[in-house]
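Undergrad: The sequence and its predicted three-dimensional model are supplied below.
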Amino acid sequence: MPPTAGELAGARGGAEAERVFIGAGCNRVVNNVSWGACGLVAFGAQNAVALFSPSRGEIVTTLPGHKAAVNCTLWLPTKKDVLQVRHRETHYLLSGSSDGAIMAWKIGSGKCEWSHALELPAMHKKGVTCLAGRMVSDTVSIFASTSSDGTVVIWEMAVEPTTSFCMILKLLKVCSDIPHKLFCLSSAGSFKVSCLHSLSVGLKPMVSLSLALLPEQEGCLILAMGGLDHKVHIYCGDQSGKFVKACELKGHSDWIRSLDFSLPVMMGSEKQSLFLVSSSQDKTIRIWKMTSDFVSSSSMEQPRKENIGMASYIEGPLFVVGNASYQVSLESLLVGHEDWVYSVEWQPPTLLLNAGAHQPMSILSASMDKMMMIWRPEKNTGLWINSVTVGELSHSALGFYGGHWEPDGKSILAHGYGGFFHMWRDVGLDSENWQPQVVPSGHFAPVSDLTWSRSGEYLLTVSHDQTAHIFAPWRSHVNPGDVICWREIARPQIHGHDINCVAFIQGTGNHRFVCGADEKVSRVFEATLSFLRTLQEATLLKPDNEDFDDVQVLGANMSALGLSQKPIYTHGGKESPSSTSNDGPDSMETIPDAVPTVFTEPPVEDQLAWHTLWPESHKLYGHGNELFSICCDHAGKLVASSCKAQSAPVAEIWLWEVGTWKAVGCLQSHNLTVTQMEFSSDNAFLLSVSRDRHLSIFSIKKTEEGAQHHLVTKHEAHKRIIWACSWNPFGYEFATGSRDKTVKIWCVQDASSVKLLTTLPQFRDSVTTLSWTGRDRARNAGIIAVGMDNGLIELWSVSGGRAASDCSSDLSALSVACMLRFDPLMCHVSTVHRLRWQKSDSSDEKSALELASCGADHCVRVFAVRDG
């Protein structure tokens, strides 16, 4: 039995892969983002948990393990646990997904180490929608989870004190149907998680939770939950996890979307008070005040008289816990948002010199009206007012799903419907001055295709989120050799259909690309003058064409329907002053004009969405169904495109002449959708693979009238759908990859047939993408990158065979070996859709190569590969 590809990993030692860049958008759900006391932000990116550093503005890693989309995250200790955070090197992250699974992760912030620690027992039958918790001591945390199955589960996490952090690479999964059983992970610095209690809340599930320690009652906890019944339910309990219902808070007229407790606050001569803030889809925010008082046993036995007047409505209910009673009253009703308020959060407390904690009276709210507001009580009257308002300017009519404070309260972060982050920081000295900051960006839906620019300066990606993004390394102007970080520098296309494929136009002239979406039209886009100058600022490289005079387009405007982008010419009229106003987003009826800008520092989200579009120069009509695959020859003379097909006439491959953009040929061979195409390095052949399990080789010759073409051969290559193909840059060898988990290497013989050279050992999952790069022309040596349906990536070295310059019919031995199998922590967590090697002019085998990948997990990744 032949060994599997995984078992051959490391057959050639010394190869290394380093992750250079991760781009990902945020899952579009409430409670998905959590800003931890460790300074890292956690969010769900499809089935992965992504961590990004706000100080660096980049994603540092993604954590695999979930089998469904991540809905919510929670850091322990939380930002409110300021007393427990001091001198702590290890933090814990909880994540809940749409299949009901909850996972715990251990993060070593000091060493930047992270590991998948354990999966909690399956207590929820449906998706987990919210997590809330607090540390009750230096080693014990209590947290709660709620699900759409109508249950709220109380958990305890107990951490064994340790000074060392052990990196755990193996994923340990603990599964059991027995409730209330203790589940633990034994290792250096281990912890144990136990299910303490499960509450059933009926047919209307809870969607928001908040947990706090009750003042005046040591060891007692208070849990607030809100959901579909428009009420805030208050439960009280202790560290044993036994919670009983204390009261209900009525007032909201729609779903409760967010709850947050403050730390106890000393109000004048009063006793400590606890504040709870709630937000709802009724567009309002309510602040509830809970004041404690000691009661005697006799007064506890006397029932409270019901009073249905206005005073009782403001006062609210009274509940007793232990030897203390708590009076609930409505402190304030905040009205200012114009749409659903999805998120409210108290400003994190600060640590005092006497080892106490101070709770600032400041609330951050985020709404679907594209606004975030900071609310504070007015100094003289005590009335709560909106003191700060920030917002986004987006093409979507929907706004923010959540807003979060930085642990020190200096920055605020929002995530919205577009899957993007917005961060503002108070940079004012004497007064507040909140300015937008650079944050990571990416796609919020599967990334379908990517391509490098002609010279490899930047990466262009397209996605089912209907946008195209350009990522590039932004280099330091102080030390030009240093790369500060990869950044998104432009968003050339924002479309009304899911984009499936893209190809960069090779050759000379301005930067252009052609893409295909879920429509019957291919669209051609051309770079703007502002982009070319921004690219020069980012890369500090001389452009391909130093003379920008022939580029007459300065920018582009979005059309009203969002299907095409119209150019703004350099000699056009001046932009109206109103278009640059920062007063907030315009109404849905008006579309503000773009203001093309040359950026000397990485652009922020609002600038990317409006001012970096490329104009659409041509539309290519001809296909009968949605576009599926597209490619360009290496001379920049021809473009080939294919569409989804169920019959031979529809499965034609169309050839387009670059420049005139006329159809110059229709290639017929396949019966079903052509999944990928690629021109040989000398443009003599076009290789295509299809769902019909066949590969086809076409002979292509460019002529003055158009192109001559004929079918060289058609061959049934695999037993299942063929997803991928790639040519050897040095010859007429090519590779194909299929759902049958195999990769086969072929060669074109005598320009009339193909011969199978070798079949790689069977892989562990379907092969979905391939990319072949050359390393040594003399030895015909190269590297094949293989991407699979499970998200993993492998590198295989290939050498020997017949080179393109060899006219002999004799074939030398083909040598194939597995160089490297990427660490799963570096890989995608879902299907790899495309792999592309950056073009390298270096013939030095020791030089680093850059490999770009994209996948169904919404991520774009760039790796630096060194063949030792």
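TA: Noted; the coordinates are in hand.

Undergrad: Give me the below-cutoff pLDDT ranges for the stretch 51-200 of the chain.
TA: For the stretch 51-200 of the chain, applying pLDDT under 70 flags the ranges 109-113, 115-117, 161-189.

Undergrad: The same query, at a cut-off of 50, please.
TA: Applying pLDDT under 50 to the stretch 51-200 of the chain picks out residues 163-188.

Undergrad: next one: the stretch 501-650 of the chain
TA: 573-590.

Undergrad: Can you give me the buried ones in whichever helix in the chain runs longest?
TA: Of all the elements of type helix in the chain, the one with the most residues (DSSP state H) is helix 529-539. Using 16 or more other C-beta atoms under 10 Å as the burial criterion, the residues of helix 529-539 that qualify are 529-539. Every residue, glycine included, has its C-beta placed from N, CA and C.

Undergrad: just stretch 237-254 next, same as before
TA: Residues of stretch 237-254 classed as buried by neighbour count (16+ other C-beta under 10 Å): 237-238, 241, 243, 246-247, 249, 251-252.

Undergrad: cool, stretch 420-430 as well?
TA: 420-426.

Undergrad: What is the nearest of these to Tyr732?
TA: Phe420 (44.4 Å; C-beta to C-beta).

Undergrad: wait, doesn't the closest one sit right on Ser441?
TA: Yes: with contact defined as C-beta atoms under 8 Å, Phe420 counts as touching Ser441 (5.9 Å).

Undergrad: joint contacts of these two?
TA: 25, 605 (C-beta atoms under 8 Å, 6 or more residues apart in numbering).

Undergrad: Could you dump the buried residues of helix 529-539 into a markdown table and include distance to Thr769?
TA: Supplementary listing: the buried residues of helix 529-539 in a markdown table, determined by distance: C-beta to C-beta, whole Å:
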| residue | distance to Thr769 |
| --- | --- |
| Leu529 | 34 |
| Ser530 | 33 |
| Phe531 | 28 |
| Leu532 | 30 |
| Arg533 | 34 |
| Thr534 | 30 |
| Leu535 | 27 |
| Gln536 | 32 |
| Glu537 | 33 |
| Ala538 | 28 |
| Thr539 | 27 |
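
Undergrad: Please name every helix or strand in contact with whichever helix or strand Arg257 is part of.
TA: Assigned by DSSP states H and E, Arg257 belongs to strand 256-261. The contact analysis (3 or more C-beta pairs under 8 Å, 6 or more residues apart in numbering; DSSP states H and E) places strand 256-261 against strand 206-213, strand 220-227, strand 272-280, strand 341-346.

Undergrad: Tell me the bridge partners for Tyr52.
TA: No, residue 52 isn't Tyr; it's Phe. Taking DSSP bridges as the rule, Phe52 bridges to Val41, Ile59.

Undergrad: Tell me which of the helices and strands packed on strand 256-261 lies nearest to Ile494.
TA: strand 341-346 (23.6 Å).

Undergrad: and that closest one, which strands flank it?
TA: Going by DSSP bridges, the partners of strand 341-346 are strand 363-367 (antiparallel).

Undergrad: In CSV, list the C-alpha atoms belonging to the partner strand.
TA: The C-alpha trace of strand 363-367 is given here as CSV (Å, rounded to 0.1, in the frame of the first residue of the first chain):
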residue,chain,number,x,y,z
ILE,A,363,-21.2,53.9,28.0
LEU,A,364,-20.4,53.0,24.4
SER,A,365,-23.3,52.1,22.2
ALA,A,366,-23.3,50.8,18.6
SER,A,367,-26.3,50.7,16.3
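
Undergrad: which residues are contacting it?
TA: Everything outside strand 363-367 that qualifies as a contact, by C-beta under 8 Å, 6+ apart, is 277, 279, 283, 285, 287, 334, 337-347, 372-376, 384, 399-405, 412, 414.

Undergrad: Could you give me the ChimeraX syntax to select whichever of these are buried?
TA: With 16+ other C-beta under 10 Å as the criterion, this ChimeraX line picks the buried residues out of those:
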select :277,279,283,285,287,334,337,339,340,341,342,343,344,345,346,347,372,373,374,375,384,399,400,401,402,403,404,405,412,414
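
Undergrad: out of the buried residues of stretch 420-430, which are inside helices?
TA: Per DSSP H, the buried residues of stretch 420-430 never map to helices.

Undergrad: got a markdown table for those residues, with pLDDT too?
TA: Below are the buried residues of stretch 420-430 laid out as a markdown table (pLDDT from 0 to 100):
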| residue | pLDDT |
| --- | --- |
| Phe420 | 91 |
| Phe421 | 93 |
| His422 | 93 |
| Met423 | 94 |
| Trp424 | 95 |
| Arg425 | 94 |
| Asp426 | 93 |
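
Undergrad: can you redo those as JSON lines with distance to Arg779?
TA: Shown next, in JSON lines, are the buried residues of stretch 420-430 (distance: C-beta to C-beta, whole Å):
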{"residue": "Phe420", "distance to Arg779": "46"}
{"residue": "Phe421", "distance to Arg779": "47"}
{"residue": "His422", "distance to Arg779": "51"}
{"residue": "Met423", "distance to Arg779": "50"}
{"residue": "Trp424", "distance to Arg779": "55"}
{"residue": "Arg425", "distance to Arg779": "53"}
{"residue": "Asp426", "distance to Arg779": "59"}
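
Undergrad: Quickly check the residues you listed for the two that are furthest apart.
TA: For the buried residues of stretch 420-430, the maximum inter-member distance is 21.1 Å, found between Phe420 and Asp426 (C-beta to C-beta).

Undergrad: What about Gln217, how many residues nearby?
TA: 17 (other C-beta atoms under 10 Å).

Undergrad: Of the buried residues of stretch 237-254, which belong to helices?
TA: Short answer: the buried residues of stretch 237-254 have none in helices (DSSP H).

Undergrad: pLDDT-wise, what's the bottom of the residues you listed?
TA: Scanning those for pLDDT, the smallest score is found at Gly241, 82.

Undergrad: residue contacts, Met103?
TA: 49, 65-66, 94-95, 97, 116-120.

Undergrad: Can you tell me the element it falls in?
TA: strand 102-108.

Undergrad: In its sheet, which strands sit next to that strand, and in what direction?
TA: Strand 102-108 pairs in its sheet with strand 90-97 (antiparallel), strand 113-119 (antiparallel), by DSSP bridges.

Undergrad: Nearest to Val598, out of those?
TA: Closest to Val598 of the strands paired with strand 102-108 is strand 113-119 (C-beta to C-beta; 38.5 Å).
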